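Novice: Fold the following and give me the result.
(one chain, ligands or ions: 1)
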Amino acid sequence: MSPLSGQAVGSLVIEPIIDGVAHETAREILVRPGHEGDPWLAHQDILDQHGRLEFTMGGYLVRTGDRKVLVDAGVGTIDNGKYQGGAMLESLAAVGVGAEDITDVLFTHLHFDHVGWATAKGEIVFPNATYRCHAADWAHFIEAPDAAPGGIRKLSPIAERLELFDTDHLLAPGLSVRHAPGHTPGSIIVVVSDGDERAMLIGDVAHCPAELSEDDWEAMFDVDRTMARRTREALARELEGSDIPVAAAHFPGLAFGRILAGRGRRYWTYDLSGRDA
Ligand SMILES: [Zn+2]
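Specialist: Sure, this is the predicted structure:
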């Protein structure tokens with residue numbers, strides 16, 4: 001394990017596990033209804049020359065006690081010009097972890113870019129893992145009459161290894177789950193803690209830093225945009241000015257950052273050294 005690659009939380013370490021990369025045109029997927037003008041003019045620094053956001057695909061590994069918890073399972077072996085994955089097992093091997101070592105696969109939600117390595121060709125990829133997600137997402141993405149066949153095909157094989165939950169709880173020593181609905185009905189945040197230290201994995205509560213520094217953003221991917229906004233804005237207010245390292249599911253490089261408070265607004269920074277703006 002390379003200590004430089006992970007985020008320390010007391011004696012625990014959260015390691016980003018990269019699977020691949022995706023690009024989405026920012027103005028097509030994130031809007032600020034009710035605001036005059038182009039909201040992206042203030043955020044050119046996070047767009048490429050084509051106006052696209054880069055989304056890293058992957059997950060996070062948390063080793064705690066005798067558990068090795070993989071939070072999200074990447075996008076899988078896909079390359080469709082927009083989404084490209086396939087490196088997750090190599091990235092795990094690079095930190096000394098094989099697929100058979102994973103004890104828990106915890107999904108922040110069940111969108112395709114988080115369950116890519118749940119199964120491959122109908123076979124379970126992590127043979128010794130218990131798969132876990134919020135019951136509201138299993139109901140929405142698998143059991144609902146209008147559930148997409150692709151998701152059902154991908155996830156049906158894990159049913160016998162699945163433990164659903166519908167309450168916030170401590171899932172493993174130092175690792176707890178908190179319901180954060182809106183992006184999907186069963187979206188969760190993962191809180192990792194040891195002693196006084198804490199870090200948060202916020203899944204797709206936000207897709208890019210702009211959504212954490214300003215209110216009123218809406219994402220096309222959000223199943224319930226109003227609820228997603230409420231969840232995102234409450235979380236941003238909770239975290240602003242704190243020293244809590246935060247990682248979203250797709251920020252570039254799966255890097256941790258934090259939310260600063262200053263002059264009537266919030267700022268996202270990847271600088272974790274603790275000085276305010
Ligand atoms: Zn996602």
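Novice: Residue of the stretch 1-150 of the chain closest to the ion, please.
Specialist: The ion sits closest to Asp113 of the stretch 1-150 of the chain, with a gap of 4.4 Å, by C-beta to the ion. (Glycine included, C-beta is placed from N, CA and C.)
Novice: so that residue, which of the three states?
Specialist: helix (DSSP: H, G, I helix; E, B strand; the rest coil).
Novice: ok, now how distant is the nearest residue to it once chain neighbours are set aside from Val31?
Specialist: Closest residue in space to Asp113, ignoring its immediate chain neighbours: Val75 at 4.3 Å, by C-beta to C-beta, 6 or more residues apart in numbering. Separation of Val75 from Val31 (C-beta to C-beta, to the nearest Å) stands at 24 Å.
Novice: same question, Gly182
Specialist: Going from Gly182 to Val31 by C-beta to C-beta gives 16 Å.
Novice: With neighbour numbers in mind, choose between the two.
Specialist: When Gly182 and Val31 are compared for neighbours, Gly182 comes out ahead with 20 against 17, by other C-beta atoms under 10 Å.
Novice: so which strand or helix has the nearest residue to that one once chain neighbours are set aside?
Specialist: Distances taken as C-beta to C-beta, 6+ apart put Ala228 closest to Gly182, at 3.0 Å, once the chain neighbours are dropped. Using DSSP states H and E, Ala228 sits within helix 225-239.
Novice: Identify each buried residue in that helix, please.
Specialist: 225, 227-229, 231-233, 235-236, 239 (16 or more other C-beta atoms under 10 Å).
Novice: what mean pLDDT would you report for it?
Specialist: Across helix 225-239, the average pLDDT comes to 97.
Novice: Show me what that helix is packed up against.
Specialist: In terms of contacts (3 or more C-beta pairs under 8 Å, 6 or more residues apart in numbering; DSSP states H and E), helix 225-239 is packed against helix 210-213, strand 218-219, strand 258-262.
Novice: helices or strands up against the longest one?
Specialist: Where contact means 3+ C-beta pairs under 8 Å, 6+ apart, strand 258-262 is packed against helix 225-239, strand 265-269.
Novice: how far does the next helix or strand after the longest one sit from the chain's center?
Specialist: Put plainly, it is helix 225-239. Toward the C-terminus, helix 225-239 is succeeded by strand 246-247 as the next helix or strand (DSSP H and E). Centroid separation between strand 246-247 and its chain, computed with C-alpha atoms, centre = their mean, to the nearest Å, is 9 Å.
Novice: what about strand 246-247 and the ion, any contact?
Specialist: No: Strand 246-247 is not in contact with the ion by C-beta under 5 Å from the ion; minimum separation 12.9 Å.
Novice: What average pLDDT does that strand get?
Specialist: Strand 246-247 shows a mean pLDDT of 98.
Novice: any low-confidence regions in the protein?
Specialist: Within the chain, the segments meeting pLDDT under 70 span 1-5, 274-277.
Novice: ranges for the helices of it?
Specialist: Taking DSSP state H to define them, one finds helices in the chain at 26-29, 88-94, 135-138, 149-155, 210-213, 225-239.
Novice: Just the C-alpha atoms of the last one, please, in PDB.
Specialist: The reference is to helix 225-239. Output of helix 225-239 as PDB, limited to C-alpha atoms (Å, rounded to 0.1, in the frame of the first residue of the first chain):
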ATOM      1  CA  ARG A 225     -33.900  17.000  -8.900                       C
ATOM      2  CA  THR A 226     -35.600  19.000  -6.200                       C
ATOM      3  CA  MET A 227     -34.700  16.500  -3.500                       C
ATOM      4  CA  ALA A 228     -31.200  16.200  -4.900                       C
ATOM      5  CA  ARG A 229     -30.800  19.900  -4.600                       C
ATOM      6  CA  ARG A 230     -32.000  19.900  -1.000                       C
ATOM      7  CA  THR A 231     -29.700  17.100  -0.100                       C
ATOM      8  CA  ARG A 232     -26.700  18.700  -1.800                       C
ATOM      9  CA  GLU A 233     -27.200  22.100  -0.400                       C
ATOM     10  CA  ALA A 234     -27.800  20.800   3.200                       C
ATOM     11  CA  LEU A 235     -24.600  18.800   2.900                       C
ATOM     12  CA  ALA A 236     -22.600  21.700   1.500                       C
ATOM     13  CA  ARG A 237     -23.800  23.900   4.400                       C
ATOM     14  CA  GLU A 238     -22.900  21.200   6.900                       C
ATOM     15  CA  LEU A 239     -19.400  20.900   5.600                       C
END
